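Colleague: predicted model, plus sequence, below.
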Amino acid sequence: MKDSAPHGVDELLIDAEIDDAPSPPPTARRNGLLLLGLVLVALNLRPALSSLAPLLHQVRDTTGLSAAAAGLLTTLPVLCLGLFAPLAPRLARRMGAERTVLAILVVLAFGIVLRSLYPVAGLFFGSLVAGASIGIIGVLLPGIVKRDFPHIAGIMTGVYTMALCLGAALAAGATVPLAGWLDGSWQLALASWAIPALLAALIWLPQARQTQHAQRHIASVRGLWRDALAWQVTLYMGLQSSLAYIVFGWLPSILIDRGMSPTAAGLMLSGSVLVQLLSALAAPWLGTRGRDQRLVVVLVLALTLAGLLGFLYAPLDSIGLWALVLGLGQGGTFSIALALIVLRSPDAHVASHLSGMAQGVGYTLAAAGPFVVGLVHDLTGGWNAVGAIFVALSVGALLAGLGAGRAKLVSVRSETP
């Protein structure tokens, strides 16, 4: 479909080399190594975000950050997920998707270490670098999955989502004990998450070597940014992500202020994220069994809101139950968001563009959530008012999800020069 959109409005937003680019012949060994590499890379896309939250009280005590400044610190990497997503296609066109992933993994490790080198400046600049790196890689990986595993893309998306959840859970649960083993140094505990990023880069190296001479073909997609359904998918991605990053940034602090120890609060976040592994696979499977995905969207958002309100208001001895409920909800909301990108797209090229739009705009929108929570906490001196934020974001996600969950396709097509 052609239109007269001004140059720049429909900027090419691809999330990998387009899937008709030549690639080495598939073999069991190559696919196994690629699968291992994808899992390890995905495991490293959340620790930089979830490792800080359990230590946030200690970081604030050491640096003197206010709650609003801490909210900005937790918001900054999420904002970068969206702001730097459009950089991914430019790097992929110049270097190739696999080599871009390799280079950015090294940059991610640098950003993680940088957070620990300087008390305040390093925290903010390192978080910026880490968030930008995660944003770039996160846009590239789904396209690689669609290109190299076309017949099992749904299953592979579930595996990819599970790896994201597992990485977040490991960092949330292990960072506080790690700081204890390192003589109470939150700096060394945060910096240690650079090691798995470098390990993933080492395992990913063969992928970058195999595709270094591949020719890349670029398809354009016009009119996506004026399509109502595309915006519904994007808003659903952004609003459910805002709830997720509020949890990553503030849930341990909420529990600590309610009387839980930092270690127990971190483990509670870790346990909730681990539960997401179940619904990350189950929700897309359920969503594709009916006529559309609207019922599943309602179910996972209801579980998410119930879990969040339980953390705020339920008795402390019942928090384990609400961690389970929240994990089931949020694992489903995120995996459905990824599934909707594919289900609402008529072809892989459009799916790549829609992925870039949904993640670029969606994560930029999501970044406001952690900051607003920190600001409201500063203004009110407590957490009770945050419940209204949870309700507002959940209702907004529900409205967008009911539109995005309909059995329709975006009204655009791809064009190859």
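Modeller: Ah, there it is. Residues are numbered from 1 along each chain as shown.
Colleague: tell me, how many residues neighbour G382?
Modeller: The local packing count at G382 equals 12, with neighbours defined by other C-beta atoms under 10 Å. Any C-beta I mention is one placed from the backbone N, CA and C, and that applies to glycine too.
Colleague: phi, psi for it please.
Modeller: For G382, the backbone dihedrals are phi -160, psi -170 (criterion: degrees, to the nearest 10).
Colleague: contact partners for it?
Modeller: Under the criterion of C-beta atoms under 8 Å, 6 or more residues apart in numbering, the contact partners of G382 comprise D257.
Colleague: let me know the pLDDT of L35.
Modeller: What the model reports as pLDDT for L35 is 87.
Colleague: give me the distance between it and F371.
Modeller: In this structure, L35 and F371 are separated by 37 Å, where distance is defined by C-beta to C-beta, to the nearest Å.
Colleague: ok, those two, which is more surrounded?
Modeller: Neighbours of L35 and F371, each counted by other C-beta under 10 Å, are more numerous for F371; the result is 23 against 15.
Colleague: show me where the stretch 151-300 of the chain has helices.
Modeller: Per DSSP state H, counting those that start in this stretch, the stretch 151-300 of the chain carries helices over the ranges 153-181, 186-191, 194-210, 228-257, 262-287, 294-313.
Colleague: what's the closest of the ones you listed to S411?
Modeller: S411 sits nearest to helix 228-257 of all those, at 7.4 Å, using C-beta to C-beta.
Colleague: which positions within the closest one qualify as buried?
Modeller: With burial defined by 16 or more other C-beta atoms under 10 Å, the residues of helix 228-257 counted as buried are 229-256.
Colleague: list the contacts for the residue nearest to L281 when sequence neighbours are not counted?
Modeller: Distance criterion C-beta to C-beta, 6 or more residues apart in numbering; nearest residue to L281, sequence neighbours excluded, is G158 at 4.3 Å. With contact taken as C-beta under 8 Å, 6+ apart, G158 is in contact with A280, L281, P284, W285, S335.
Colleague: nearest to A201, of those?
Modeller: Ranked by distance to A201 (C-beta to C-beta), the contacts of G158 are led by A280 at 24.6 Å.
Colleague: could you report the pLDDT at that closest one?
Modeller: In this prediction, A280 carries a pLDDT score of 85.
Colleague: correct me, but it touches M162?
Modeller: Yes. Between A280 and M162 there is a contact at 5.1 Å, judged by C-beta atoms under 8 Å.
Colleague: strands along the stretch 301-417 of the chain, start to end?
Modeller: With strands called from DSSP state E, counting those that start in this stretch, the stretch 301-417 of the chain shows them at 414-415.
Colleague: the stretch 1-150 of the chain too?
Modeller: Under the criterion DSSP E, counting those that start in this stretch, strands are not mapped anywhere in the stretch 1-150 of the chain.
Colleague: shaky segments in it?
Modeller: 1-30, 146 (pLDDT under 70).
Colleague: please verify my assumption that L316 contacts G259.
Modeller: Yes. With the criterion set as C-beta under 8 Å, L316 and G259 qualify as a contacting pair; they are 6.0 Å apart.
Colleague: Throw the helices of the stretch 151-300 of the chain into CSV and include distance to G331, thanks.
Modeller: Below are the helices of the stretch 151-300 of the chain laid out as CSV (distance: least, C-beta to C-beta, whole Å):
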stretch, distance to G331
helix 153-181, 6
helix 186-191, 25
helix 194-210, 21
helix 228-257, 10
helix 262-287, 3
helix 294-313, 8
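Colleague: which one of those lies closest to S127?
Modeller: Sorting the helices of the stretch 151-300 of the chain by C-beta to C-beta, the top spot, which is the nearest, belongs to helix 186-191 at 10.0 Å.
Colleague: quick one, helices of the stretch 1-150 of the chain?
Modeller: Going by DSSP H, counting those that start in this stretch, the stretch 1-150 of the chain shows helices at 28-43, 47-50, 56-63, 67-83, 87-95, 97-114, 121-148.
Colleague: just name the most buried of those helices.
Modeller: For the helices of the stretch 1-150 of the chain, the stretch with the most neighbours on average is helix 47-50, a mean of 27; neighbours defined as mean count of other C-beta atoms under 10 Å.
Colleague: which helices and strands sit right next to that helix?
Modeller: Counting contacts by 3 or more C-beta pairs under 8 Å, 6 or more residues apart in numbering; DSSP states H and E, helix 47-50 packs against helix 67-83, helix 97-114, helix 121-148, helix 153-181, helix 228-257.
Colleague: among those, which is nearest A200?
Modeller: When those are compared by C-beta to C-beta, helix 97-114 sits nearest A200, at 5.7 Å.
Colleague: which stretch in the helices of the stretch 151-300 of the chain has the least confidence?
Modeller: With a mean of 84, helix 153-181 has the lowest mean pLDDT of those.
Colleague: okay, buried residues for that helix please.
Modeller: When neighbours are counted by 16+ other C-beta under 10 Å, the buried residues of helix 153-181 are found to be 153-154, 156-176, 178-179.
Colleague: and A208, which of the helices and strands packed on helix 47-50 is closest to it?
Modeller: Relative to A208, the nearest member of the helices and strands packed on helix 47-50 by C-beta to C-beta is helix 97-114, separated by 4.3 Å.
Colleague: show me what contacts L34?
Modeller: D148, Q207.
Colleague: let's go with 6 Å and repeat that
Modeller: By C-beta atoms under 6 Å, 6 or more residues apart in numbering, the contact list for L34 is empty.
Colleague: what does the one 10 residues further on give?
Modeller: Each residue near N44 by C-beta under 6 Å, 6+ apart is listed here: P196, A197, A200.
Colleague: turn these into TSV, including distance to L402.
Modeller: As requested, the contacts of N44 are exported to TSV (distance: C-beta to C-beta, whole Å):
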residue	distance to L402
P196	38
A197	38
A200	37
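Colleague: distance of the nearest residue to S270 once chain neighbours are set aside from P47?
Modeller: Nearest residue to S270 in three dimensions, chain neighbours excluded: G173, at 2.8 Å (C-beta to C-beta, 6+ apart). Here the distance between G173 and P47 works out to 11 Å (C-beta to C-beta).
Colleague: pop out the phi and psi values for L409.
Modeller: Its backbone dihedrals place L409 at phi -120, psi 150, with angles given as degrees, to the nearest 10.
Colleague: for the closest residue to P252 other than its chain neighbours, give me its contacts.
Modeller: Using C-beta to C-beta, 6+ apart and skipping the chain neighbours, the partner closest in space to P252 is A265 (3.9 Å). By C-beta under 6 Å, 6+ apart, the residues touching A265 are P252, L255, I256.
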